[in-house]
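> Return atomic coordinates for the entry below.
(one chain, ligands or ions: 2)
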Amino acid sequence: MARKAMTGNKAFAHGVRLSRVQVIASYPITPQTTLVEYLADFVNDGDLDAEYIRSEGEHGMMAQAIGAAQTGARTFTSTCSAGFAYGFQGIVSVPGLRLGNLMLANINRPLGAPGGLQADHSDGLTARDWGWVYLYGEHHQEILDTAIQSYRIGEDHRVLLPTMVGGEGYYISYTTDLVDLPEQELVDEFLPPYEPVGVLDADNPMSPTVFGTPEQMMGMKYSIHQASLRAKEIIKDVNVEFGETFGRTYGNGLIEEYRVEGADVVLVTMGSFTGNARKAVDDLRKDGKKVGLVKVRSFRPFPTEDFQRIAEDTSAFVVVSRHDSAGGAGAPVGYDVKSALYNMDERPIIQDVVSGICGVEIGSDDFAILAERGLKAVERGGFEEDLVWYPNMRIMERFEIPPMPEEVKRSFVYPGTGACQGCGMTLVWKTVMETAGRDSVYVSTSGCGGWSGPHTMCIGTGGSGGNLPGGAATAVGIKRGLVKLGKTSTNVILGSGDGSFGDMGFMAASGAAERNEDILMFVYDNQAYMNTGMQRSGATPRLAWTTTTPVGKVVRGKQAPTKPLPLIMAAHGIPYVATASAAYIPDLKRKIRKALSIKGCKYIHIYSPCPTGHRYPPEKAIEVSRLAVQTGMWPMYEVENGAYRITVRPKELKPVSEYLGAQGRFRHLTEDDLEGLQETTQEEYHHLELLEKLTKEKL
Ligand SMILES: Cc1ncc(C[n+]2csc(CCOP(=O)(O)OP(=O)(O)O)c2C)c(N)n1
Ligand code: SF4
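Numbering: from 1, shown residues only. Ligands and ions are numbered 1, 2, ... in the order given. Below you'll find the predicted structure:
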């Protein structure tokens, strides 16, 4: 057994590798992303023999995971927050399909607005009621061990329910701790290959169904409920067996009790802040205060009987939830504790506490305060309030927006952005805003443009943060609303990254194009998911290094070709499509003006240098972008009413090696690779020239 220092996400990835997962469906979202990046490294280095699906979004990712699991392959997927919500249609279906060979890592992060990136249980708890076995890890070692245990639990034929393992963002995902890596042989002994039941197999055909008569469906629901209850014993057994094999257990598998004996007040926690609560208990015990702790490890199934047992000898529970239930009578973990105890003849007093949400730090001193309050309540015979927020909160509401000062109105686009040095995205956005002017509403999607784009660079024009897949749909809604209110001249402009527009947002974009909605859509194409740390997108060029297409010992860089977004948009027959580049600003301005003069759906696809992701110094950004055009790797053209026209025509195309050689992401290319890329570039350029010739008469 090797002991190594690693982040929580790496520990999780090792757990997945050691479980010999056979199919991985992945999509980036912070703070989950590095987990699937580590897995991409394992696969491309040949350390894990798995099919790795680089999905187009979490909706597809969940469907891919379901499909894979239905074949009987051990399957892994992971996400959090908005990704969890986007995959929800699949998430709620997995338990009903009884796919115990599917595990989902939920690297918890706030869901919805107001959002955030740090720890919060609001995402996973939305899937509380569907039949997932939902286990929470407190620290790195527990995360790794629980990943391995989860397949043993889910694949047990008495359970056959998917497992979700919660490991909090930042506190676990990104911090580093010492972790014991179990030997593969021991894991193989502990976790034998899955023996599937009812799989998709052409030799033995069957059709899994989720539809039937109401009675059949209610019956299926009842089976899920019973299987979930049965899982309690299996979780406990697996915990014991794990201890026998690896020398570590986690309480009784469902909960971990800490100094509960003789305690008047018991704190109840779930997740990473348990360590702080444990310290608070130690500190208070030193002062002779009778305080204990229960860590909920299995949120579903809920350890009802354990709470009833502990309640026999306890005067008060203080239950801390890392999620709230707006307008409810309590908070999510407290609801279950209270339900578990309600029918007891005598039960302890209980306080629900909402704390640590949106990543707010809650330390051992805070837990000590909460426990002391519990002790006082025991003396008094009750809590003053059933539900409290801790720490005390200020109401943050402001419904009157003050008028904008004149001098601010004048400075329409101002200097400075939160983006990296040399970022093409900011240049593109500034050019669009300055050209389109004030009578415009701008929509951006999550990504570098969403975080450091229009709303950080301009004041005095409308704006709307679209979600990642819904950018085009948001723009359409705004346009229709404005039209209905008589504001027909206002431009509605969507600016999106290549990933959000071209992958998960493409359905909405294609819908807008098909209906010829009167909006301008542009993509600043930095050729990857840059904001989440350089993962491949559909637009990433073939063979490029990214963090999910690493250059490994076995597979080197992205294997699929670039998705030709401008050509696909042109195929919709919309009135105007163009390509442009951040290195050719006058040309870009002309194309924006032209697009805005046309009624209907317009699309501009703009090359956007990203020194951080493409790996070159910021001062080279424009030079490299020009090389993209001069080598033919970024042809500049427009398509007006079906007619193609090359708008920047280099006298002679330079060799592609000049462009590729300037970037670290292509450093690994061999002579053969370069030759291949040279050939496809020439072919594609020639194809474009042919299109130009063929469609000339349409002009
Ligand atoms: C449904 C959903 N899944 C995942 C994410 C995480 N996410 C935020 S930004 C981003 C990258 C977007 O890439 P792109 O559109 O190419 O813009 P860039 O970051 O390159 O500017 C991702 C995957 C999200 N916000 N929502
Ligand atoms: S990662 Fe790239 S696209 Fe994002 S802000 Fe930095 S330079 Fe711009």
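> make it CA atoms for all contacts and neighbour counts henceforth
Fine.
> Next SSE downstream of the helix ranked longest in the chain?
Among the elements of the chain assigned as helix by DSSP state H, the one spanning the most residues is helix 214-246. The C-terminal neighbour of helix 214-246 among helices and strands, as given by DSSP states H and E, is strand 255-258.
> who in the stretch 451-600 of the chain is up against ligand 2?
Taking C-alpha under 6 Å from any ligand atom as the contact definition, the stretch 451-600 of the chain meets ligand 2 at 526, 530, 531.
> Now do the contacts for the last one.
Pointing back at residue 531 there. By C-alpha atoms under 8 Å, 6 or more residues apart in numbering, the contact list for residue 531 reads 447, 448.
> For it, grab phi and psi.
In this entry, residue 531 is assigned phi and psi values of phi -60, psi -30 (degrees, to the nearest 10).
> Distance check, it against residue 472.
Between residue 531 and residue 472 the distance, using C-alpha to C-alpha, to the nearest Å, works out to 19 Å.
> How about the first one?
In this structure, residue 526 and residue 472 are separated by 19 Å, where distance is defined by C-alpha to C-alpha.
> circling back to that earlier point, can you narrow the residues of the stretch 451-600 of the chain next to ligand 2 down to the ones near ligand 1?
Counting by C-alpha under 6 Å from any ligand atom, the members of these that reach ligand 1 are 526, 530, 531.
> Determine if any part of whatever helix or strand residue 621 lives in is in contact with ligand 2.
With the criterion set as DSSP H and E, the secondary-structure element containing residue 621 is helix 621-630. No: legend: contact between helix 621-630 and ligand 2 by C-alpha under 6 Å from any ligand atom is lacking; minimum distance shown is 9.3 Å.
> now for that helix, which elements pack on it?
Contact partners of helix 621-630 among helices and strands, from 3 or more C-alpha pairs under 8 Å, 6 or more residues apart in numbering; DSSP states H and E: helix 656-660.
> And the contacts of the helix it packs on?
Contact partners of helix 656-660, identified using C-alpha under 8 Å, 6+ apart, comprise 624, 627, 628, 631, 632, 633, 666, 667, 674, 677, 678, 681.
> Pull out the buried positions in that helix.
Applying a neighbour-count criterion of 16 or more other C-alpha atoms under 10 Å, one finds 656, 657, 659, 660 buried in helix 656-660.
> Looking at residue 526 and residue 472, which one has more neighbours?
For residue 526 against residue 472, the residue with the higher neighbour count under other C-alpha atoms under 10 Å is residue 472, and the figures read 34 against 26.
> In contact with the closest residue to ligand 2 within the stretch 101-250 of the chain, which residues are there?
Taking C-alpha to the nearest ligand atom, ligand 2 has its nearest neighbour within the stretch 101-250 of the chain at residue 117, 17.1 Å off. Counting by C-alpha under 8 Å, 6+ apart, residue 117 makes contact with 30, 31, 109, 110, 169, 358, 359.
> OK, contacts around the fifth one?
Same thing as residue 169. The contact partners of residue 169, taken as C-alpha under 8 Å, 6+ apart, are 31, 32, 107, 108, 109, 117, 118, 119, 120.
> mind running it again at 7 Å?
By C-alpha atoms under 7 Å, 6 or more residues apart in numbering, residue 169 lies in contact with 31, 107, 108, 109, 118, 119.
> Then the fourth one?
By C-alpha under 7 Å, 6+ apart, residue 110 lies in contact with 81, 116, 117, 119, 120, 121, 122, 123, 358.
> Grab the nearest non-local neighbour of it.
For residue 110, ignoring the flanking residues on the chain, the nearest one in space by C-alpha to C-alpha, 6 or more residues apart in numbering is residue 120 at 5.1 Å.
> With ligand 1 as the reference, measure out to the one you found.
16 Å (C-alpha to the nearest ligand atom, to the nearest Å).
> so that residue sits in a strand?
No: with DSSP: H, G, I helix; E, B strand; the rest coil as the criterion, residue 120 is coil rather than part of a strand.
> pLDDT score for it?
Reading off the confidence values, residue 120 has pLDDT 94.
> Can you list the residue ranges for helices in the stretch 101-250 of the chain?
Using DSSP state H, counting those that start in this stretch, the helices of the stretch 101-250 of the chain run over residues 122-125, 140-155, 184-190, 214-246.
> which one of those is the most hemmed in?
Taking mean count of other C-alpha atoms under 10 Å as the contact definition, the stretch among those with the greatest mean neighbour count is helix 140-155, which reaches a mean of 26.
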